[in-house]
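J.: can't give you the sequence, but here's the structure:
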């Protein structure tokens, strides 16, 4: 059962919450969004009941930020008088029962700013999908919470309200088990080279000692690589001559947006690729996305101009049981090679970048500084942040969703998509979500003449690009198996 968040008195926005309110511009709204599709029409009565429950559990859905323009303090949360959940639901019917019509509808709605006199969230119930289906398009302002906060809130109004708590308990239990477990010899780099008869005789304390020494050495090397990486990042971010070229276009930042999403790929197939090329789910998906972006840019009239794909990756700083409905998140930049290279080499390169990202201390430092200095809006002018994020191609976030199908308002959610906001003009906000043992990509971007259909093309290539990797993975595993049998 979801745990209620105690109603708080009228308080000022925290530093990171204020950041997303502070940096918002009319053509760059700080809106996060989710799309659910269903096979049947939704009951408006049940939907209202579920959203009432969500707002009761998370009082922030009944509050608005007031006194937003002061340079000496952040805005203040205030409850709305005579609040009604019905003010946050809009009904719509598609003109045609097509995927394109649904896509155009949500693309229009994501461009509309929130009414500052109402809590900053809306739910569109959309009818008229193919075969009598329906959809829910939910959007909310990033100043209220981060991705994990919104996932918890949304799950609270579905049949999956208990699943997140179960996942948290499993994560805590696994952490304790991993901490207490004595590693086998084959898991320790030095001891794995011993003959089998000696491995069997090795005492547990010896294995633990060598594992600890290996961890310390690995961390020392890792932090050296972190320092070298951050030196490159600092040089690129501060240099006035270092700018990305791809996805930028002439003229002002356009207000017209486009949202697209990919076909699903199965977790089982991703596991095959991971086994063949030794990478995490994030490593494999980042490799697929990098190839999709590269492929699209190579075929553009202007051609691809950048050698690396620069992304901002948010990093959650929550403990597994952190239930706060606020932004407990930071992030850092990563860069992936957009070059012609084998799948194995690409995944290995991305894995190395992601391993450094995981132990990087900069996200923690930025979060602490943000919580302190962003309490005074005038301390950090928004143009400084805009200058930094304009240099990168986009944002990439991975949202872990329910592992099995869940229901909302009595209907099973068929497809689940998430979209983070853009970071700058010409950038793309990419959201990867896992749901019901499947993974899919969704992208938000500008609709510009310089890069026509960019988000559609990248999403269209996602499944075929992954299928090609999967084929290579099967071939690699077969070759490895054949070699073992020959030996």
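T.: Alright, I've got the coordinates. Because the structure is predicted, anything quoted here is derived from the model rather than measured. Residues are numbered from 1 along each chain as shown.
J.: ranges for the strands of the stretch 351-487 of the chain?
T.: In the stretch 351-487 of the chain, the segments counted as strands under DSSP state E, counting those that start in this stretch are 394-400, 407-408, 411-412, 415-419, 428-435, 438-446.
J.: closest to residue 207 out of the ones you listed?
T.: Comparing the strands of the stretch 351-487 of the chain by their distance to residue 207 (Cβ to Cβ), the top pick is strand 394-400, with 32.0 Å. Every C-beta, even on glycine, is put in place using the N, C-alpha and C of the backbone.
J.: what's the angle from the closest one to strand 428-435?
T.: 10 degrees (axes from the mean of the first three to the mean of the last three Cα atoms, to 10 degrees).
J.: residues in contact with strand 394-400?
T.: 147, 151, 167, 247, 281-282, 285-286, 289, 311-314, 418, 420-423, 427-434, 445 (Cβ atoms under 8 Å, 6 or more residues apart in numbering).
J.: Now the buried members of those residues.
T.: For the contacts of strand 394-400, a neighbour count by 16 or more other Cβ atoms under 10 Å gives the buried set as 147, 151, 247, 281-282, 285-286, 289, 311-314, 418, 420-423, 427-434, 445.
J.: burial of residue 127, as a residue count?
T.: 16 (other Cβ atoms under 10 Å).
J.: where does it sit relative to residue 157, distance-wise?
T.: Counting by Cβ to Cβ, to the nearest Å, the separation of residue 127 from residue 157 is 20 Å.
J.: Nearest to residue 209, out of the strands of the stretch 351-487 of the chain?
T.: Of all the strands of the stretch 351-487 of the chain, strand 394-400 comes closest under Cβ to Cβ, at 34.8 Å.
J.: Just want the angle from the closest one to strand 438-446.
T.: Going by the same axes, to 10 degrees, strand 394-400 makes 150 degrees with strand 438-446.
J.: pLDDT of strand 394-400, averaged?
T.: Average pLDDT, strand 394-400: 92.
J.: Flag every buried residue along it.
T.: In strand 394-400, counting by 16+ other Cβ under 10 Å, buried: 394, 395, 396, 397, 398, 399.
J.: Turn the residues you listed into TSV, columns for distance to residue 377.
T.: Below are the buried residues of strand 394-400 laid out as TSV (distance: Cβ to Cβ, whole Å):
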residue	distance to residue 377
394	26
395	22
396	28
397	25
398	30
399	29
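J.: For the residue of the chain positioned farthest from its centre, pull up the helix or strand it's in.
T.: Distance to the chain centre peaks in the chain at residue 197, reaching 46.6 Å (criterion: Cα atoms, centre = their mean). In this assignment (DSSP states H and E), residue 197 forms part of helix 196-201.
J.: Tell me the helices and strands packed up against the very next helix or strand once past that helix.
T.: Sequence order places helix 204-238 as the next helix or strand after helix 196-201, per DSSP H and E. Identification of packing neighbours for helix 204-238 by 3 or more Cβ pairs under 8 Å, 6 or more residues apart in numbering; DSSP states H and E yields strand 329-337, helix 343-359.
J.: which of those is buried the deepest?
T.: Looking across the helices and strands packed on helix 204-238 with neighbours counted as mean count of other Cβ atoms under 10 Å, the highest average goes to strand 329-337: a mean of 20.
J.: Please list the outside residues in contact with it.
T.: Outside strand 329-337, the residues within contact range by Cβ under 8 Å, 6+ apart are 16, 146-148, 233, 237, 286-287, 290, 307-318, 346, 349-350, 353-354, 357, 360, 362-364, 366-367, 370, 392.
J.: Stretch 40-58 too?
T.: Contacts for stretch 40-58 (Cβ under 8 Å, 6+ apart): 2-5, 61-62, 85-86, 88-89, 91, 123, 125, 127, 132-134, 136, 153-154, 156-158, 325, 408-411.
J.: Can you give me the buried ones in it?
T.: For stretch 40-58, burial by neighbour count (16+ other Cβ under 10 Å) applies to 41, 42, 47, 48, 50, 51, 54, 55, 57, 58.
J.: ok, now stretch 220-229?
T.: Those would be 226, 229, for stretch 220-229 by 16+ other Cβ under 10 Å.
J.: And residue 414, how far from residue 431?
T.: Distance of residue 414 to residue 431, computed by Cβ to Cβ: 18 Å.
J.: beta partners for the residue positioned nearest the centre of the chain?
T.: Centroid check for the chain by Cα atoms, centre = their mean gives residue 397 as the closest residue, at 1.8 Å. Going by DSSP bridges, residue 397 is paired in beta bridges with residue 431.
J.: That one and residue 286, how far apart?
T.: 12 Å.
J.: cool, residue 177 as well?
T.: For residue 177, the distance to residue 286 - Cβ to Cβ - is 28 Å.
J.: Would you check how far apart the residue nearest to the centre of the chain and residue 414 are?
T.: Applying Cβ to Cβ to residue 397 and residue 414 gives a distance of 22 Å.
J.: same thing with residue 370?
T.: Note on residue 370: its distance to residue 414, by Cβ to Cβ, is 38 Å.
J.: Looking at the two, which one has more neighbours?
T.: More crowded of residue 370 and residue 414, by other Cβ under 10 Å: residue 370, with 20 against 17.
J.: residues in contact with the closest residue to that one other than its chain neighbours?
T.: Using Cβ to Cβ, 6 or more residues apart in numbering and skipping the chain neighbours, the partner closest in space to residue 370 is residue 15 (4.7 Å). Contact analysis of residue 15 by Cβ under 8 Å, 6+ apart lists 74, 370, 371, 372, 373, 374, 375.
J.: so the second one sits right up against residue 20, yeah?
T.: No. Contact status for residue 370 versus residue 20: not in contact, 10.8 Å apart, counting by Cβ atoms under 8 Å.
J.: And the pLDDT for residue 183?
T.: pLDDT, read off for residue 183, is 73.
J.: same check, this time on residue 457
T.: Taking residue 457 on its own, its pLDDT is 96.
J.: Residue 296 is in contact with that one, correct?
T.: Yes. Between residue 457 and residue 296 there is a contact under Cβ under 8 Å: 4.7 Å.
J.: Surely residue 296 and residue 459 touch.
T.: No. In this structure, residue 296 is not within contact of residue 459 by Cβ under 8 Å, at 10.0 Å.
J.: now residue 123, what's its secondary structure?
T.: strand (DSSP: H, G, I helix; E, B strand; the rest coil).
J.: Could you check how many residues crowd around it?
T.: Counted with other Cβ under 10 Å, residue 123 comes out at 21.
J.: residues in contact with it?
T.: Contact analysis of residue 123 by Cβ under 8 Å, 6+ apart lists 47, 51, 88, 89, 90, 136, 137, 138.
J.: again, but for residue 247
T.: By Cβ under 8 Å, 6+ apart, the neighbours of residue 247 are 393, 394, 426, 427, 428, 445, 451, 454.
J.: Good, wrapping up.
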